[in-house]
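**Q** quick one: sequence and predicted model below, then my questions.
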Amino acid sequence: MKSFWQKLKNYWHQLPIENRGSVIMAIPLTCLMGSVITYTLLRQRMVEAQVYVEHTNQILAKSQYALISLLNAETGVRGYYISKQRFFLEPYNLAVKRIEPDLQQLEQLVAENPPQQQRAKLLVQLARAKMSHLHSIVQQVDEKNIQAPEIDINSILAGKQVMDRFRTVIAGFESEEHRLLEIRAQMLAEQQDFNATAMWYGIALSLLGTSLTIQLLRDLAKELRDRESSLRESRSLTEAIVSNIVDGAIVVN
């Protein structure tokens, strides 16, 4: 190792001053460019990890909204079934407009995950079946025009089965998304730690490059001073020789 550094040092001193000056200027520029490129790449990877986490959170929020919307619709229709007061149908009417578009959007959000997309398709089908069942109940109440409609046990059981199936499917759907969220959150945390470590390494490399540049500048300045001193001595010696020659010529004459 010692001989390697000695060879490198000898090679350095053999380089022309212009080349050494270029190397000295290139060191901080290289460190700066390397730091900028590294930061840009790492920043991009961290942004991608954050996008994955936000995407998964969006999927979970959308699935929860769909479940709550369907439950509210069922509760509202049940209230209308019992009381025949139409204000109970407000959440049902909202679900009629929003539940299927929301679930179709959920399906689009998981388009790159085929198993999740199949679950989302099934949720759309179950939501349609549930909303159709609720619609039939509303029609039944409207058509009978009585204060307390008779309870159709079979219809209630059929609706319950659809709702139970919807809960089961959406539970599996959200369980998978929570698993993905944990993985992606871990990736984000690791990327943040890696970025912090890389930043400190970049700072250390920049400081090392700066120290090396300063040292090389000092060495180059010292060499230039030595050369200048050597030139002055050579000039003085030359002038002395010339002076002696001139003096000797005068004496001879």
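**A** Yes, it's here.

**Q** which stretches in the stretch 51-200 of the chain count as helices?
**A** Using DSSP state H, counting those that start in this stretch, the helices of the stretch 51-200 of the chain run over 90-109, 114-144, 153-252.

**Q** now render the ones you listed as CSV, adding mean neighbour count and distance to V77.
**A** Placement of C-beta: from N, CA and C, glycine included. Putting these into CSV (neighbours: other C-beta atoms under 10 Å; distance: least, C-beta to C-beta, whole Å) gives the following:
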stretch, mean neighbour count, distance to V77
helix 90-109, 17, 5
helix 114-144, 17, 5
helix 153-252, 13, 9
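
**Q** the residue positioned nearest the centre of the chain: helix or strand, and which one exactly?
**A** Nearest residue to the geometric centre of the chain (C-alpha atoms, centre = their mean): V47, 2.1 Å. Take DSSP states H and E as the rule and V47 turns out to sit in helix 17-83.

**Q** the helices of the stretch 51-200 of the chain: which one's closest to L67?
**A** helix 153-252 (5.5 Å; C-beta to C-beta).

**Q** picking that back up, so what does the helix holding V47 touch, helix or strand wise?
**A** If contacts are counted by 3 or more C-beta pairs under 8 Å, 6 or more residues apart in numbering; DSSP states H and E, helix 17-83 sits against helix 90-109, helix 114-144, helix 153-252.

**Q** these: which one's closest to V53?
**A** Here helix 153-252 is closest among the helices and strands packed on helix 17-83 (C-beta to C-beta), at 5.0 Å.

**Q** name the helices or strands packed onto that closest one?
**A** Against helix 153-252 (3+ C-beta pairs under 8 Å, 6+ apart) you get helix 17-83, helix 114-144.

**Q** distance to Q186 and mean pLDDT added to these, as a markdown table?
**A** Below are the helices and strands packed on helix 153-252 laid out as a markdown table (distance: least, C-beta to C-beta, whole Å; pLDDT from 0 to 100):
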| stretch | distance to Q186 | mean pLDDT |
| --- | --- | --- |
| helix 17-83 | 10 | 79 |
| helix 114-144 | 19 | 88 |
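
**Q** which of these sits closest to G159?
**A** Between the helices and strands packed on helix 153-252, helix 114-144 lies closest to G159; by C-beta to C-beta that is 4.5 Å.

**Q** identify whichever of the helices and strands packed on helix 153-252 lies nearest to A189.
**A** Closest to A189 of the helices and strands packed on helix 153-252 is helix 17-83 (C-beta to C-beta; 8.8 Å).

**Q** report the angle between that closest one and helix 153-252.
**A** Helix 17-83 and helix 153-252 are oriented at 170 degrees to each other (axes from the mean of the first three to the mean of the last three C-alpha atoms, to 10 degrees).

**Q** once you drop chain neighbours, what's closest to Y65?
**A** Take Y65 and drop its neighbours on the chain: the residue closest to it by C-beta to C-beta, 6 or more residues apart in numbering is D102, 6.3 Å away.

**Q** quick check: Q50 touching L188?
**A** Yes: in terms of C-beta atoms under 8 Å, Q50 counts as a neighbour of L188; the distance is 6.1 Å.

**Q** need the residues touching each of the two.
**A** Here Q50 and L188 share no contacting residue, scored by C-beta atoms under 8 Å, 6 or more residues apart in numbering.

**Q** make JSON lines out of the helices of the stretch 51-200 of the chain and add distance to S35.
**A** Listed next are these as JSON lines, based on distance: least, C-beta to C-beta, whole Å:
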{"stretch": "helix 90-109", "distance to S35": "37"}
{"stretch": "helix 114-144", "distance to S35": "40"}
{"stretch": "helix 153-252", "distance to S35": "4"}
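
**Q** mind checking the ones you listed for the one nearest to F4?
**A** When these are compared (using C-beta to C-beta), the closest one is helix 153-252, at 16.4 Å.

**Q** how far does that closest one sit from its chain's centre?
**A** Relative to its chain's centre, helix 153-252 lies at 20 Å (C-alpha atoms, centre = their mean, to the nearest Å).
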